[in-house]
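Engineer: here is a sequence together with a model predicted from it:
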Amino acid sequence: MRELHAWENGHHVGVFSEDDEERISFAYDANEGLPISLSLPRTGGWRDQAPRNFLDNLLPDNPNVRQAMREHLNASSAGVFDLLDRVDATGGLVFSLSPEPPIPSPTLRLISDSQIANEIDRIERTRNYWWDEDSHCRFSLGGAQGKFTLSRVDGKWYWPDMMLPSTHIVKPKPHDLPEATKVELATMRLSELCGIDTPARGEITAQRKTAYIVERFDRRLEEGRIVRLRQEDFLQALGLPTRDKYDPSADDCLDLLQRIDASGSLSYRWLERLAFNTSSANSDAHAKNYSLILDPASGIRLSPQYDAVATRYWPEFNWELTMPLNEDHAFAEHTTPQDWEDLATRHGLDGSRVADMARRMAGKVLAGISESCEGLDARMADRLNACWTKANESIEPIMPGDEPANSPDPASALPDSLGFPSSGRTI
């Protein structure tokens, strides 16, 4: 029987066990209060595969990348236990094969501009390669796109590890999509203009190599120390494996949120995000692109927006929505107010309110196009303008300023989280 111990900011919270047949189970410590995942409730009764799926979602999707991780970490295998041992993982937990408490490194490991530039270059050159050959590199990120993490301390970049949480994620442009960074920056700017909680982001430059960089929202400063926050994407919360990230529907996501929050507040908040992704032509917004933060200081809340990219900018991509509201309306430009109303009604929500919210979101998207495209060359700006305009053909947008008197935005009165007011400040 092998064990993988789970730690939260230095405190032991539970242990995963793997038997000889590679079945993984999990047991909480007796003094642990919050669940590490909504798929692993404190009361037990979870699916047999839920512990494995929770861990699996913390690793890259691509098995070739996992193999590269194994080689460069000198791990015994490419299994989840060995790859997660003592690395900087997404969310509030870190893991170790040893039951002994993790000991902080006596010195921080500074990363040079040349090392950052080399890592950007590697990812740009090789589609499936995004694990740094440098032995200092000890992080794990889920997802399909190449990326790596850095930790910002006193104005300098350092290598993150089990004891030094990363503060930023760097996403070099894929070698076959050289405009990806600009498109993501424009779409994330559009998200911000639409009033959605959106993390600080920009471009990092090291020795003439540039890449997209974004602040992590699963980190916080407390008394000058970087701490990890518990965060999980919807796929983890549903207890499903990485390979199923395109399976959950909008109805499945609402079912999840309504189990968490019977008041509907989280559901309305999430529908606002779904409306933005639909109106901003982000056809690839799957279950791993929405997350929840489980924070004892502020309760359960939606994470800020992330991975917002107008994917229909590229004609070679599939433009069908990952989460269509209506099977007959698979594309954003076919989505109607009635589709939104029907979705809401199926879940006991206010259909008119949700339809109006989606129409207002479409109006905000259209109104924000010009500002979101500032700094882009004319060709890119025209293509983004065209795809955002096309995506909103059937939604009957309500433009800012066109709302009837005394008709506030339906989402504006919703609380940001369930629980107590947040403490600390976001990095």
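Structural biologist: That came through, no problem. Only a predicted model underlies this, so the values are computations on that prediction, with no experimental measurement involved.

Engineer: run through the chain and note the low-pLDDT ranges.
Structural biologist: By pLDDT under 70, the weakly predicted segments of the chain are 32, 105-106, 126-145, 404-427.

Engineer: domains in it, by residue range?
Structural biologist: 2-176, 232-418 (automatic domain parsing).

Engineer: of the ones you listed, give the one that comes closest to Leu185.
Structural biologist: Across these, Leu185 has its closest neighbour in domain 232-418 (8.8 Å, CB to CB). (C-beta placed from N, C-alpha, C; glycine too.)

Engineer: can you give me the helices for the stretch 251-400 of the chain?
Structural biologist: For the stretch 251-400 of the chain, applying DSSP state H, counting those that start in this stretch gives helices covering 265-279, 337-346, 351-372, 378-391.

Engineer: now the ones you listed as a markdown table including distance to Phe217 and mean neighbour count?
Structural biologist: Below are the helices of the stretch 251-400 of the chain laid out as a markdown table (distance: least, CB to CB, whole Å; neighbours: other CB atoms under 10 Å):
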| stretch | distance to Phe217 | mean neighbour count |
| --- | --- | --- |
| helix 265-279 | 14 | 24 |
| helix 337-346 | 27 | 19 |
| helix 351-372 | 21 | 22 |
| helix 378-391 | 25 | 17 |
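
Engineer: redo those helices as JSON lines? Include distance to Arg109.
Structural biologist: Listed next are these as JSON lines, based on distance: least, CB to CB, whole Å:
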{"stretch": "helix 265-279", "distance to Arg109": "36"}
{"stretch": "helix 337-346", "distance to Arg109": "48"}
{"stretch": "helix 351-372", "distance to Arg109": "37"}
{"stretch": "helix 378-391", "distance to Arg109": "38"}
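
Engineer: for Ser77, which of those helices is the nearest?
Structural biologist: Per CB to CB, nearest to Ser77 of the helices of the stretch 251-400 of the chain: helix 265-279, 36.6 Å.

Engineer: the closest one - contacts with which helices or strands?
Structural biologist: helix 250-260, strand 299-302, helix 337-346, helix 351-372, helix 378-391 (3 or more CB pairs under 8 Å, 6 or more residues apart in numbering; DSSP states H and E).

Engineer: which residues does the fourth one contact?
Structural biologist: Residues from elsewhere that reach helix 351-372, judged by CB atoms under 8 Å, 6 or more residues apart in numbering: 186-187, 189-190, 193-195, 268, 271-272, 275-276, 278-280, 337-338, 340-345, 384-385, 388-389, 391-392, 395-400, 402-403, 409-411.

Engineer: ok, back up a step: want to throw the helices and strands packed on helix 265-279 into JSON lines with distance to Arg52?
Structural biologist: Output for the helices and strands packed on helix 265-279, formatted as JSON lines (distance: least, CB to CB, whole Å):
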{"stretch": "helix 250-260", "distance to Arg52": "19"}
{"stretch": "strand 299-302", "distance to Arg52": "24"}
{"stretch": "helix 337-346", "distance to Arg52": "31"}
{"stretch": "helix 351-372", "distance to Arg52": "36"}
{"stretch": "helix 378-391", "distance to Arg52": "37"}
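
Engineer: out of those, which is closest to Arg225?
Structural biologist: Judging those by CB to CB, what sits closest to Arg225 is strand 299-302, at 22.1 Å.

Engineer: partners of the closest one, with directions?
Structural biologist: strand 291-295 (antiparallel), strand 417-418 (antiparallel) (DSSP bridges).

Engineer: tell me what angle the first one forms with helix 250-260.
Structural biologist: Strand 291-295 and helix 250-260 meet at an angle of 10 degrees, taking axes from the mean of the first three to the mean of the last three CA atoms, to 10 degrees as the criterion.

Engineer: and among the strands paired with strand 299-302, the most buried is which?
Structural biologist: The highest average neighbour count among the strands paired with strand 299-302, using mean count of other CB atoms under 10 Å, belongs to strand 291-295 at a mean of 23.

Engineer: what comes into contact with it?
Structural biologist: Against strand 291-295 from outside (CB under 8 Å, 6+ apart): 34-35, 38, 92, 217-218, 229-234, 237, 260, 300-303, 306, 417, 419, 422.

Engineer: Gly155: neighbour count?
Structural biologist: By other CB atoms under 10 Å, the residues close to Gly155 number 5.

Engineer: now it: how far from Gln49?
Structural biologist: 44 Å (CB to CB, to the nearest Å).

Engineer: thinking again about what came up before, any chance of the strands paired with strand 299-302 in TSV with distance to Glu179 as columns?
Structural biologist: Below are these laid out as TSV (distance: least, CB to CB, whole Å):
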stretch	distance to Glu179
strand 291-295	26
strand 417-418	35
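
Engineer: just so I know, which of those strands lies nearest Glu124?
Structural biologist: strand 291-295 (26.6 Å).

Engineer: only alpha carbons, please: show that closest one as PDB.
Structural biologist: Extracted C-alpha coordinates of strand 291-295, given in PDB (Å, rounded to 0.1, in the frame of the first residue of the first chain):
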ATOM      1  CA  SER A 291     -13.600  26.900 -11.000                       C
ATOM      2  CA  LEU A 292     -14.800  27.300  -7.400                       C
ATOM      3  CA  ILE A 293     -12.700  28.600  -4.500                       C
ATOM      4  CA  LEU A 294     -13.300  26.900  -1.200                       C
ATOM      5  CA  ASP A 295     -12.100  29.500   1.400                       C
END
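
Engineer: quick one: the strands in the stretch 1-150 of the chain?
Structural biologist: Applying DSSP state E, counting those that start in this stretch to the stretch 1-150 of the chain gives strands spanning 2-8, 11-18, 24-28, 94-96, 148-153.
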